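Asker: everything below, folded, please.
(one chain, ligands or ions: 1)
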Amino acid sequence: MSLLNISCKKATYLISKKEQGKISLFDRLTLWLHLGICSLCKRFEKQTGFIIKQAKHTHTEEKLSEEAKERISKVLDSSY
Ligand SMILES: [Zn+2]
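Answerer: Numbers count the residues shown, from 1 in each chain. Predicted structure coming up:
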């Protein structure tokens, strides 16, 4: 079982790899097991996913009007 026991450092590394879509099935499993027992890494995963989603969002919304941008930033502010 020690093979599936990864450190938080390894877990955060795997999370960033996962966000880039470069994670193997085995790494995904070990990460999933770690997230099941570690709330710190779970929070880190949430934040990482959120930031990446927002970054993509901002990119695709580039051509929106100022009014729409303001509306989006208001939504983002309230979700913090
Ligand atoms: Zn951890």
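
Asker: where does the residue nearest to the spatial centre of the chain land in three-state SS?
Answerer: With distances taken as CA atoms, centre = their mean, residue 49 lies nearest the centre of the chain, 2.0 Å away. Classification of residue 49 using DSSP: H, G, I helix; E, B strand; the rest coil returns helix.

Asker: model confidence for the residue nearest to it when sequence neighbours are not counted, exactly?
Answerer: Once flanking residues are discounted, residue 49 sits nearest to residue 19: 6.6 Å by CB to CB, 6 or more residues apart in numbering. (Each C-beta comes from the backbone N, C-alpha and C, glycine too.) On pLDDT, residue 19 comes in at 87.

Asker: now for residue 19, how many residues are close by?
Answerer: 15 (other CB atoms under 10 Å).

Asker: surely it meets residue 48?
Answerer: Yes: Residue 19 is within contact range of residue 48, at 5.6 Å (criterion: CB atoms under 8 Å).

Asker: rewinding a little: how close does the residue nearest to residue 49 get to the ion?
Answerer: According to CB to the ion, to the nearest Å, residue 19 stands 16 Å off from the ion.
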